[in-house]
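# For reference, the sequence and a predicted model appear below.
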Amino acid sequence: MSKHSLQVRARRAGIWPCLRCVAVLIGALLAGCGGGGGDEQKADYDPPRIVWARFEPSSLGDIGGTARIIALVTDASGVAWVRATLTRPDGSQAVHDMTWNQAGYYEVSIQVPANLSSADQRYYASISAADTRGIASQAVSISPLTVRSDSAPPPPPKL
(Lines give C-alpha, C1' and ligand atoms only; values in the text may rest on other atoms or scores of the structure.)
Protein backbone atom coordinates (compact mmCIF):
# COMPACT_ATOMS: atom_id res chain seq x y z
CA MET A 1 0.00 0.00 0.00
CA SER A 2 1.27 3.44 -0.84
CA LYS A 3 1.39 6.34 1.56
CA HIS A 4 -1.33 8.07 -0.45
CA SER A 5 -3.75 5.12 -0.24
CA LEU A 6 -3.28 4.97 3.57
CA GLN A 7 -4.16 8.66 3.81
CA VAL A 8 -7.28 8.14 1.66
CA ARG A 9 -8.43 5.20 3.81
CA ALA A 10 -7.75 7.13 7.03
CA ARG A 11 -9.75 10.11 5.76
CA ARG A 12 -12.66 7.86 4.77
CA ALA A 13 -12.60 6.21 8.20
CA GLY A 14 -12.59 9.63 9.85
CA ILE A 15 -9.33 9.09 11.73
CA TRP A 16 -6.97 11.12 9.54
CA PRO A 17 -6.59 14.11 11.90
CA CYS A 18 -5.90 11.73 14.80
CA LEU A 19 -3.18 9.89 12.90
CA ARG A 20 -1.59 13.19 11.96
CA CYS A 21 -1.61 14.28 15.63
CA VAL A 22 -0.08 10.98 16.71
CA ALA A 23 2.65 11.27 14.08
CA VAL A 24 3.45 14.84 15.14
CA LEU A 25 3.47 13.85 18.80
CA ILE A 26 5.78 10.87 18.22
CA GLY A 27 8.11 13.02 16.13
CA ALA A 28 8.25 15.67 18.84
CA LEU A 29 8.95 13.11 21.52
CA LEU A 30 11.73 11.47 19.54
CA ALA A 31 13.31 14.79 18.60
CA GLY A 32 13.28 15.99 22.19
CA CYS A 33 14.64 12.82 23.71
CA GLY A 34 17.68 13.63 25.82
CA GLY A 35 18.80 10.05 26.11
CA GLY A 36 18.50 9.50 29.81
CA GLY A 37 17.49 10.50 33.26
CA GLY A 38 20.30 12.99 33.82
CA ASP A 39 21.97 11.09 36.64
CA GLU A 40 24.89 9.80 34.59
CA GLN A 41 28.39 10.45 35.89
CA LYS A 42 30.59 12.82 33.91
CA ALA A 43 33.78 11.14 32.73
CA ASP A 44 36.73 12.17 34.89
CA TYR A 45 39.70 13.38 32.87
CA ASP A 46 41.18 15.57 35.60
CA PRO A 47 44.18 14.60 37.74
CA PRO A 48 43.78 14.27 41.50
CA ARG A 49 43.60 17.54 43.41
CA ILE A 50 46.11 18.02 46.21
CA VAL A 51 44.06 20.30 48.43
CA TRP A 52 46.77 20.80 51.06
CA ALA A 53 49.93 19.09 52.31
CA ARG A 54 52.41 19.77 55.11
CA PHE A 55 54.98 18.45 57.54
CA GLU A 56 53.70 17.86 61.04
CA PRO A 57 55.35 19.23 63.08
CA SER A 58 56.96 21.88 60.90
CA SER A 59 60.14 21.94 63.01
CA LEU A 60 62.08 19.63 65.29
CA GLY A 61 64.78 20.21 67.89
CA ASP A 62 68.41 19.36 67.28
CA ILE A 63 67.88 15.75 68.38
CA GLY A 64 65.61 15.09 65.37
CA GLY A 65 62.73 12.67 65.78
CA THR A 66 59.62 11.57 63.95
CA ALA A 67 57.74 13.84 61.58
CA ARG A 68 54.74 13.12 59.41
CA ILE A 69 53.92 14.32 55.94
CA ILE A 70 50.16 14.64 55.62
CA ALA A 71 48.05 15.58 52.61
CA LEU A 72 44.41 15.91 51.62
CA VAL A 73 43.97 14.55 48.09
CA THR A 74 40.67 14.18 46.22
CA ASP A 75 39.55 12.85 42.84
CA ALA A 76 36.13 12.15 41.30
CA SER A 77 37.12 8.68 40.08
CA GLY A 78 39.11 7.78 43.20
CA VAL A 79 42.72 8.16 44.28
CA ALA A 80 44.99 5.23 43.35
CA TRP A 81 48.16 6.40 45.10
CA VAL A 82 49.81 9.38 46.79
CA ARG A 83 53.59 9.70 47.10
CA ALA A 84 55.91 12.04 48.94
CA THR A 85 59.37 12.69 47.56
CA LEU A 86 61.59 13.75 50.44
CA THR A 87 64.76 15.75 49.77
CA ARG A 88 67.26 15.62 52.64
CA PRO A 89 69.69 18.43 53.54
CA ASP A 90 72.50 16.63 51.67
CA GLY A 91 70.40 16.58 48.47
CA SER A 92 69.61 12.86 48.53
CA GLN A 93 66.01 11.86 47.91
CA ALA A 94 63.64 9.13 49.04
CA VAL A 95 60.16 8.35 47.72
CA HIS A 96 57.54 7.32 50.27
CA ASP A 97 54.12 5.85 49.52
CA MET A 98 51.51 7.58 51.63
CA THR A 99 48.62 5.68 53.17
CA TRP A 100 45.04 6.81 53.66
CA ASN A 101 43.94 7.10 57.27
CA GLN A 102 40.56 7.18 58.95
CA ALA A 103 40.78 10.95 59.40
CA GLY A 104 40.37 11.27 55.62
CA TYR A 105 43.85 12.25 54.49
CA TYR A 106 47.08 10.55 53.39
CA GLU A 107 50.16 10.32 55.59
CA VAL A 108 53.63 8.87 55.99
CA SER A 109 55.97 9.03 58.99
CA ILE A 110 59.66 9.71 58.55
CA GLN A 111 62.56 9.42 60.97
CA VAL A 112 64.76 12.52 61.02
CA PRO A 113 68.28 12.17 62.47
CA ALA A 114 69.83 14.61 64.92
CA ASN A 115 71.29 17.81 63.50
CA LEU A 116 74.95 17.82 64.51
CA SER A 117 75.83 20.85 62.39
CA SER A 118 76.00 24.46 63.55
CA ALA A 119 73.16 25.56 61.22
CA ASP A 120 69.52 24.63 60.88
CA GLN A 121 68.81 21.85 58.39
CA ARG A 122 65.81 21.77 56.11
CA TYR A 123 63.99 18.79 54.64
CA TYR A 124 61.86 19.46 51.57
CA ALA A 125 59.04 17.37 50.14
CA SER A 126 56.78 17.30 47.14
CA ILE A 127 53.51 15.41 46.87
CA SER A 128 52.20 13.69 43.74
CA ALA A 129 49.16 11.49 43.15
CA ALA A 130 47.35 9.48 40.49
CA ASP A 131 43.72 8.50 40.16
CA THR A 132 42.20 5.12 39.36
CA ARG A 133 42.15 6.03 35.65
CA GLY A 134 45.95 6.48 35.68
CA ILE A 135 45.91 10.28 35.44
CA ALA A 136 48.74 11.76 37.52
CA SER A 137 48.90 15.16 39.17
CA GLN A 138 51.73 17.65 38.97
CA ALA A 139 53.99 17.46 42.03
CA VAL A 140 53.17 20.04 44.69
CA SER A 141 55.98 21.33 46.94
CA ILE A 142 55.28 21.88 50.61
CA SER A 143 56.88 24.14 53.21
CA PRO A 144 60.09 22.60 54.56
CA LEU A 145 60.66 20.79 57.83
CA THR A 146 63.34 22.57 59.86
CA VAL A 147 65.63 20.67 62.21
CA ARG A 148 67.22 23.26 64.47
CA SER A 149 70.92 23.20 65.24
CA ASP A 150 72.23 22.89 68.75
CA SER A 151 73.39 26.52 68.64
CA ALA A 152 70.29 28.01 67.01
CA PRO A 153 67.88 29.84 69.29
CA PRO A 154 64.41 28.34 69.62
CA PRO A 155 61.64 29.84 67.51
CA PRO A 156 59.48 32.55 69.07
CA PRO A 157 56.37 31.30 70.86
CA LYS A 158 53.11 31.21 68.94
CA LEU A 159 50.47 33.50 70.33
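On my side now, so go ahead.
# Can you identify each of the strands in the chain by residue range?
49-56, 59-60, 65-74, 79-87, 93-100, 106-112, 121-131, 140-147 (DSSP state E).
# Mind listing what's buried along the longest one?
Just to be clear, that refers to strand 121-131. Counting neighbours by 16 or more other CB atoms under 10 Å, one finds that the buried residues in strand 121-131 are 121, 123, 124, 125, 126, 127, 128, 129, 130, 131. The way it works is simple: take the backbone N, C-alpha and C, and place the C-beta from them, glycine included.
# Looking at those residues, which is nearest residue 77?
Nearest to residue 77, judged by CB to CB, of these is residue 131 at 5.1 Å.
# where does the protein have low pLDDT?
1-41, 152-154 (pLDDT under 70).
# tell me the domain boundaries of it?
As assigned by automatic domain parsing, the chain contains the domains 1-31, 49-147.
# closest to residue 158 out of the strands of the chain?
Shortest distance between residue 158 and the strands of the chain, using CB to CB, is found for strand 59-60: 11.3 Å.
# from the domains of the chain, which stretch is densest packed?
domain 49-147 (a mean of 16; mean count of other CB atoms under 10 Å).
# Let's see the distance spanning that domain from one end to the other.
This stretch, domain 49-147, spans 29 Å end to end (CA to CA, to the nearest Å).
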